[in-house]
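Participant: make a model of this:
(one chain, ligands or ions: 1)
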Amino acid sequence: MSSRPHIRFIINPTSGPKNRVDVPARIEDLLDRKKFKYDVVFTKHAGHAPNLAREAADKGCEIVVAVGGDGTVNEVARGLVYSETALGILPRGSGNGLARHLKIPMGLDGALKVLNEGHVSTIDSGSINGNAFFTTAGIGFDAYISSVFAGNKKRGLQTYVELVMKEVLNYKHLPVKASINDHSFDTDCYVMAFANAAQYGNNAYIAPMADIQDGHLDVCLVRKLDLIKALHLSYCMLTKQLANADSAEYFKTNHVKVETDEPMMFHADGEFMGKASEFDVQMNPLSLKVVVPK
Ligand SMILES: Nc1ncnc2c1ncn2[C@@H]1O[C@H](COP(=O)(O)OP(=O)(O)OP(=O)(O)O)[C@@H](O)[C@H]1O
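Facilitator: Numbers count the residues shown, from 1 in each chain. Below you'll find the predicted structure:
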């Protein structure tokens, strides 16, 4: 039996741009097969990827590559946390938050080069009410957008931006009781974002200071939003700056609890998770191996 490390590619056939390239053919052409052996599997339905990833990890596969957007990355990574198997990413989504944070090239050829030449590092992950996330999770407006987006036939950046612009001033904050760093306080909550990586995707930085290996969550709390604050926040997110204290507050912590009278929506890595009136958000420091550029 060959001693070359094994790579499993898990392809979500529903993600990615319409002008689809033949991903298996690019892998066959560009993966260094003197260095690696590999297999390719396709997901058959949402929620299939964690099993495909776990099965590979259980067999001792060295690297499992998520071929898709952050939803696929989330599912593959969920199957790999605390295993010896490293996550690789061939970004095929519209946001690609984790890939961007890890400086993995957006193009297929560049991302395959990272697999050929990159090295393995270890990053933190988080969980919100037991649901793992690797880029960001949140309650409030961003979760509401993920719920509308999930029901939308059209995906992609343009649809997302149109949706945010349409809904941003209609969505109403709710009162919550938050506990961060053992300090409890009552506050309005338009959005509370929990960042492991610095950005949502598309270089929209919700927590510019987030370090994915520091064992901490970066929390961004927006209590209320009006037009001026919305413009200021958007500008700061797109220029990788912290917003001023009138618009957003930032905390570093490893545990957050939130209680609400009225159930609020929540998301993990942009995937809508449902509604709850109690939230428990935790960190799992250095819990996932990833292949990153040298
Ligand atoms: N075979 C499949 N059929 C239908 N849905 C799938 C399948 N495999 C995975 N999914 C689901 O597709 C959803 C979207 O995947 P993903 O986020 O990777 O792609 P995307 O929507 O193109 O990217 P982005 O979110 O960046 O726009 C995920 O929630 C995942 O569970």
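Participant: would you map the strands across the protein?
Facilitator: Remark: strands assigned in the chain by DSSP state E are 6-11, 37-42, 63-68, 86-91, 119-128, 131-133, 136-140, 174-180, 183-189, 191-195, 217-222, 249-253, 255-268, 271-292.
Participant: hey, C-alpha coordinates of the last one in CSV?
Facilitator: The reference is to strand 271-292. Taking C-alpha atoms only, strand 271-292 is exported to CSV below (Å, rounded to 0.1, in the frame of the first residue of the first chain):
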residue,chain,number,x,y,z
GLU,A,271,-26.9,28.9,7.7
PHE,A,272,-30.2,29.6,9.4
MET,A,273,-30.6,27.5,12.5
GLY,A,274,-34.1,28.5,13.8
LYS,A,275,-35.3,30.5,16.7
ALA,A,276,-34.5,30.3,20.4
SER,A,277,-35.0,32.4,23.5
GLU,A,278,-31.8,31.2,25.2
PHE,A,279,-28.4,31.2,23.6
ASP,A,280,-25.2,29.6,24.8
VAL,A,281,-22.1,30.5,22.7
GLN,A,282,-18.8,28.8,23.5
MET,A,283,-15.3,28.5,22.1
ASN,A,284,-13.5,25.3,21.3
PRO,A,285,-9.9,26.5,21.2
LEU,A,286,-7.5,24.9,18.7
SER,A,287,-10.0,22.2,17.7
LEU,A,288,-9.6,22.0,13.9
LYS,A,289,-6.6,21.3,11.8
VAL,A,290,-6.6,23.3,8.5
VAL,A,291,-4.4,23.4,5.4
VAL,A,292,-3.2,26.9,4.9
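Participant: what packs against it?
Facilitator: The contact analysis (3 or more Cβ pairs under 8 Å, 6 or more residues apart in numbering; DSSP states H and E) places strand 271-292 against helix 70-78, strand 86-91, helix 108-117, strand 119-128, helix 141-150, strand 255-268. Bear in mind the C-beta positions are built from the backbone N, C-alpha and C, glycine included.
Participant: in JSON lines, list the strands of the chain along with mean pLDDT, mean neighbour count and distance to C236.
Facilitator: JSON lines is the format used below for the strands of the chain (pLDDT from 0 to 100; neighbours: other Cβ atoms under 10 Å; distance: least, Cβ to Cβ, whole Å):
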{"stretch": "strand 6-11", "mean pLDDT": "98", "mean neighbour count": "23", "distance to C236": "35"}
{"stretch": "strand 37-42", "mean pLDDT": "97", "mean neighbour count": "16", "distance to C236": "39"}
{"stretch": "strand 63-68", "mean pLDDT": "97", "mean neighbour count": "28", "distance to C236": "29"}
{"stretch": "strand 86-91", "mean pLDDT": "98", "mean neighbour count": "28", "distance to C236": "24"}
{"stretch": "strand 119-128", "mean pLDDT": "98", "mean neighbour count": "20", "distance to C236": "22"}
{"stretch": "strand 131-133", "mean pLDDT": "98", "mean neighbour count": "22", "distance to C236": "22"}
{"stretch": "strand 136-140", "mean pLDDT": "96", "mean neighbour count": "29", "distance to C236": "16"}
{"stretch": "strand 174-180", "mean pLDDT": "96", "mean neighbour count": "17", "distance to C236": "21"}
{"stretch": "strand 183-189", "mean pLDDT": "96", "mean neighbour count": "13", "distance to C236": "19"}
{"stretch": "strand 191-195", "mean pLDDT": "97", "mean neighbour count": "27", "distance to C236": "13"}
{"stretch": "strand 217-222", "mean pLDDT": "96", "mean neighbour count": "24", "distance to C236": "10"}
{"stretch": "strand 249-253", "mean pLDDT": "95", "mean neighbour count": "17", "distance to C236": "11"}
{"stretch": "strand 255-268", "mean pLDDT": "96", "mean neighbour count": "19", "distance to C236": "21"}
{"stretch": "strand 271-292", "mean pLDDT": "97", "mean neighbour count": "18", "distance to C236": "23"}
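Participant: those: which one's closest to the ligand?
Facilitator: strand 63-68 (3.3 Å; Cβ to the nearest ligand atom).
Participant: using CSV, lay out the strands of the chain together with distance to G156.
Facilitator: Compiled in CSV, the strands of the chain are given as follows (distance: least, Cβ to Cβ, whole Å):
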stretch, distance to G156
strand 6-11, 19
strand 37-42, 21
strand 63-68, 14
strand 86-91, 14
strand 119-128, 25
strand 131-133, 22
strand 136-140, 19
strand 174-180, 29
strand 183-189, 28
strand 191-195, 22
strand 217-222, 25
strand 249-253, 29
strand 255-268, 18
strand 271-292, 16
